[in-house]
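>>> just to be clear, the model below is a prediction. Sequence and coordinates:
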Amino acid sequence: MQINPMEQFRVEPIIPLHIAGYDVSFTNQALVMCVVVAAISIFMFIATSSRKLVPSRTQSLAEISYEFVGDMIHSAAGEEGFKFFPFVFTIFFFVLFCNFFGLIPGVFTVTSQIAVTFALASLVILAVIVTGFMRHGIGFLKLFVPKAPLALLFLLVPIELISFLTRPISLSVRLFANMLAGHTMLKVFAGFVIALGGAGGILTALSIAPMLLIIAITLLELLVAFLQAYVFAILTCIYLSEALHLHDHH
Amino acid sequence: MSVEAAKMIGAGLACIALVGAGAGIGNVFGSYLSGALRNPGAAASQTTNLLLGFALCEATGLFGLVIALLILFAF
C-alpha cells in the first residue's frame, strides 16, 4: 500500500465559493483556523469570567499565560514594549493553538501552509515598520546605519538592509518548514507501520517498533510546536524592540 | 541523465544543509552545558537565548528541506 506523506497538506474546499474570478472557498484550513480562534476565545472567556483573588485552576492557567507573555515582552522589548502586549499575545496563542491542534491525528495543520505563516510574518514586519516610522519619523532609517567608520558603511548598510528585508521570509519559513518536516516525518513512520503490519508473519510483530517511534516523535513534536510558537513570538518582540529603540537598546 | 533523475540527485544534495544544522545545534547545546556547569547560577537566565539559538540554527537546516521540496514538487 502506497502512502503519500504530503497528502495531509492538501487544502480542500468545504463550501466552494467563487467571487469575481477568485477562489474564496471555505476550506478545511479556514475551518481549523475558526476552531482555533473559537477555542482560544472560549478558554480565555471562561478563565476570566469569575475572577477571584485566589484563582481557580482555569483562571491560574490564564494568569500563567499572561505572565509568560508579559515576561517575554519585558525581557526582549523592555517596559515600552507592553503597548504591543495584545498583538504579541494574540500571535503567540494563535500559532501555539494551530500547532497543537495540528498534532491531533486527522486535523489539518494550519501552520504547515506557507501562505498562513507568511501572512503572519508580513503582519509582524508591517507592524515593525509602522511603529518605527510613527515613533522616529524618517530617523527610523538610522536602523540601517550602524555606528562604524564611513568606509565600512558601504558594506554594512546593504547587509543591514538585506537582513531586514529577509526577516519576513526567515520568520515564516522557520515555522512552516518545522511543521511541514515534523508532520511529514510522522506520516512516513506511519507508512512503515502499515507496510510492516500488512507484510504478515514475524514482520507484523515487528511493526510495533515504528509505532513506538511515532509516539516518541509525537512527544518531540509537542516540544517543537511550543518552541516554534515561542520563537515566533520572541522574534516579534525583538523586531518591535528594534523599531522602538533603534540601536541604543540591547 | 533525465531531468527526473537530476531532480532526485538535486533534492538529495539539498539535504547536505543538515550537516551545518546538526553541527550548529550541537554547538548551541554544548556551549550552553559547558557554560551552565561552570556557572549554574546563571544557567536559568539563559534558557531564552538557548532556545532562540536552537531555533535559529535549526531553521538553516530546514531551509535546505524547503529547497529540496521546491526542486521535487515546484519545478
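Now that the structure is in, tell me what you want to look at.

>>> contacts and neighbour counts: CA atoms only from here.
Noted.

>>> roughly how far apart are the residue lying closest to A:Met72 once chain neighbours are set aside and B:Phe29?
For A:Met72, ignoring the flanking residues on the chain, the nearest one in space by CA to CA, 6 or more residues apart in numbering or on different chains is A:Ile234 at 6.6 Å. Between A:Ile234 and B:Phe29 the distance is 19 Å, computed by CA to CA, to the nearest Å.

>>> which one's more surrounded, those two?
Applying other CA atoms under 10 Å in any protein chain shown to A:Ile234 and B:Phe29 shows that A:Ile234 carries more neighbours, namely 22 against 15.

>>> what about A:Val130, helix or strand, and which?
helix A:114-136 (DSSP states H and E).

>>> end to end, how far does stretch A:100-112 reach?
12 Å.

>>> before we move on, back to that, what's the angle from the helix or strand harbouring the residue nearest to A:Met72 to helix A:114-136?
Following DSSP H and E, one finds A:Ile234 within helix A:208-245. Helix A:208-245 runs at 20 degrees relative to helix A:114-136, counting by axes from the mean of the first three to the mean of the last three CA atoms, to 10 degrees.

>>> tell me the helices and strands packed up against helix A:208-245.
With contacts defined as 3 or more CA pairs under 8 Å, 6 or more residues apart in numbering or on different chains; DSSP states H and E, helix A:208-245 has these neighbours: helix A:57-77, helix A:85-103, helix A:114-136, helix A:167-197, helix B:47-69.

>>> hmm, 7 Å instead?
Secondary-structure packing of helix A:208-245 (3 or more CA pairs under 7 Å, 6 or more residues apart in numbering or on different chains; DSSP states H and E): helix A:57-77, helix A:85-103, helix A:114-136, helix A:167-197.

>>> buried residues in the second one?
Judged by neighbour count using 16 or more other CA atoms under 10 Å in any protein chain shown, the buried positions of helix A:85-103 are A:85, A:88-89, A:91-103.

>>> same question, the last one
Across helix A:167-197, burial judged by 16+ other CA under 10 Å covers A:167-168, A:170-180, A:182-197.

>>> and that helix, how far out from the chain's middle?
Chain-centre distance of helix A:167-197: 15 Å, with CA atoms, centre = their mean, to the nearest Å.

>>> packing partners of that helix?
Using 3+ CA pairs under 7 Å, 6+ apart: helix A:167-197 touches helix A:114-136, helix A:202-206, helix A:208-245, helix B:47-69.

>>> before we move on, what about the first one?
Counting by 3+ CA pairs under 7 Å, 6+ apart, the packing neighbours recorded for helix A:57-77 are helix A:28-49, helix A:208-245.

>>> try 6 Å
Helix A:57-77 sits against helix A:208-245, with contacts defined as 3 or more CA pairs under 6 Å, 6 or more residues apart in numbering or on different chains; DSSP states H and E.

>>> show me which positions of the helix it packs on end up buried.
A:210-211, A:214, A:217-218, A:221, A:224-245.

>>> now stretch A:220-227: average pLDDT?
The predicted model assigns stretch A:220-227 a mean pLDDT of 90.

>>> no no, stretch A:55-74
Stretch A:55-74 carries an average pLDDT of 89.

>>> run the chain-centre distance for that stretch.
Relative to the centre of its chain, stretch A:55-74 is centred 19 Å away, using CA atoms, centre = their mean.

>>> residues of it that come out buried?
A:59-60, A:62, A:69-70, A:72-74.

>>> outside of that stretch itself, list whatever touches it.
Under the contact criterion CA atoms under 6 Å, 6 or more residues apart in numbering or on different chains, stretch A:55-74 has outside partners A:47, A:237.

>>> again, only this time at 10 Å
A:43-52, A:54, A:75, A:77-86, A:88-89, A:92-93, A:230, A:233-234, A:236-238, A:240-241, B:48 (CA atoms under 10 Å, 6 or more residues apart in numbering or on different chains).

>>> could I get the pLDDT score of A:Ser241?
90.

>>> any idea how far the residue of chain A found nearest chain B lies from A:Met44?
Closest contact between chain A and chain B, by CA to the nearest CA, is at A:Arg174 (5.2 Å). According to CA to CA, A:Arg174 stands 28 Å off from A:Met44.

>>> same check, this time on A:Thr204
On the measure of CA to CA, A:Thr204 and A:Met44 end up 46 Å apart.

>>> go on, A:Pro55?
Distance from A:Pro55 to A:Met44, by CA to CA: 14 Å.

>>> ditto for B:Ile71
43 Å.

>>> closest point of chain B to chain A, which residue?
Taking CA to the nearest CA, chain B has B:Ala59 as its residue nearest chain A, at 5.2 Å.

>>> so that residue sits against A:Leu175, correct?
Yes: at 8.4 Å, B:Ala59 counts as touching A:Leu175 under the criterion of CA atoms under 10 Å.
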